[in-house]
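*Asks:* Sequence below, structure please.
(one chain, ligands or ions: 1)
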Amino acid sequence: METAGKRGGFFVSFEGPEGSGKSTQIHRLAASLAEQGHAVWTTREPGGTRAGEMIRPILLGPQAGPLSAWSEALLFTAARAQLVDEVIRPRLQRGELVLCDRYSDSTLAYQGYGRGIELETMRRLQADATAGLTPDLTLLLDLPVEAGLARIPRQAKDRLDRETIAFHQRVYAGYHEMAAREPHRWRQVDASRDADVVASRILELVLEALRTAGIRPAERRSA
Ligand code: T5A
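*Replies:* Residues are numbered from 1 along each chain as shown. Predicted coordinates for the structure are as follows:
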């Protein structure tokens, strides 16, 4: 596993169930960090590259038909492999702070815990596809499944949003199991609070992690 120290930058992933506020919070965090002088790059999965944005509608778009669990896992992973190669790793190597809306843990949560593909197989696939690139910090935006789904308007629901509650509960439980398994990397945030409260807590956690890693804005600019 690569660490922040070895490659210079710092990699933060946002994870959580549907509607937990990841997109809202990632942009707020990016703005706060940029204001403090950090070089920040925000991206999302599936997407963030030309190939990834073409894969996205196959998985989520209105025309997306039924897909097997393995097709899903491989398409999400293909988009990720491209994103790591083209965007995340080069930016980290330049000393930037990369914020990613979902990463490998989403495939473990949704295609592993949710669809039932063997977890160890999924872990190996992720390690190979990303050449072992693991986030330095993963924020779990914790919100009960029903509350998250209720935040998404019916017309905006994608193929996965429309899965059964039982599926989403397995994903939710999977996230908690993963967070408990690697407590040094994961931090949980109560995502049911007001968006301003959630944003301050996230900023506090990220600044603490940056301090621990010895990363300051000035160093980043001269990197
Ligand atoms: N997936 C993804 C896999 O199955 N495997 C994988 O490997 C990967 C990478 C991605 C889908 O693909 C699945 C997971 C997903 O199902 P997406 O459209 O990118 O699709 O979906 P999500 O990442 O789940 O994004 P959502 O838009 O559904 O949720 P967010 O980003 O968590 O939430 P956000 O910020 O858009 O907020 C949702 C609504 O809630 C409001 C917002 O204003 C918005 O209306 N809101 C709040 N309301 C009250 N209080 C707060 N604190 C609020 N924060 C936000």
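*Asks:* near the ligand, which residues of the protein show up?
*Replies:* Within the chain, the residues that sit near the ligand (Cβ under 6 Å from any ligand atom) are 16, 18-24, 45-46, 60, 76, 102, 106-107, 110-111, 151-152, 158, 160-161, 194-195, 198. The way it works is simple: take the backbone N, C-alpha and C, and place the C-beta from them, glycine included.
*Asks:* If you go by neighbour count, which of these are buried?
*Replies:* 16, 18-22, 24, 45-46, 76, 102, 106-107, 110-111, 158, 160, 198 (16 or more other Cβ atoms under 10 Å).
*Asks:* Inside helices: which ones of those residues?
*Replies:* Judged by DSSP state H, helices contain the following of those: 22, 24, 76, 106-107, 198.
*Asks:* Of the residues you listed, which pair is most distant in space?
*Replies:* In those, two members sit farther apart than any others by Cβ to Cβ. They are Phe76 and Val198, at 25.7 Å.
*Asks:* my read is Thr138 is in a strand, agree?
*Replies:* Yes - counting by DSSP: H, G, I helix; E, B strand; the rest coil, Thr138 is found in a strand.
*Asks:* wait, it sits on Lys22?
*Replies:* No - Thr138 lies out of contact with Lys22 (Cβ atoms under 8 Å); the separation is 11.4 Å.
*Asks:* tell me the strands in the chain, going along the chain?
*Replies:* For the chain, the strands defined by DSSP state E occupy 10-15, 40-44, 97-101, 137-142, 186-190.
*Asks:* Just the pLDDT for Ala218.
*Replies:* On the pLDDT scale, Ala218 is placed at 57.
*Asks:* So Thr134 is in contact with His184, correct?
*Replies:* No - counting by Cβ under 8 Å, His184 is not a contact partner of Thr134; they are 11.0 Å apart.
*Asks:* and those two? which has more neighbours close in?
*Replies:* Thr134 (18 against 7; other Cβ atoms under 10 Å).
*Asks:* pLDDT wise, what is the more buried one at?
*Replies:* Turning to Thr134, the model gives it a pLDDT of 98.
*Asks:* any idea how far it is from Glu53?
*Replies:* 24 Å (Cβ to Cβ, to the nearest Å).
*Asks:* repeat for Leu92
*Replies:* The gap separating Leu92 from Glu53 is 21 Å, by Cβ to Cβ.
*Asks:* These two: which has the busier surroundings?
*Replies:* Taking neighbours as other Cβ under 10 Å, Leu92 and Glu53 compare with Leu92 leading, 23 against 13.
*Asks:* quick one: the more buried one and Val98 touch, right?
*Replies:* Yes - taking contacts as Cβ under 8 Å, Leu92 lies within contact range of Val98: 5.9 Å.
*Asks:* Identify the residues contacting the residue most central in space within the chain.
*Replies:* What sits nearest the mean C-alpha location of the chain, by Cα atoms, centre = their mean, is Arg102, with 2.0 Å. Arg102 sits next to 13-15, 22, 44-45 when contact means Cβ atoms under 8 Å, 6 or more residues apart in numbering.
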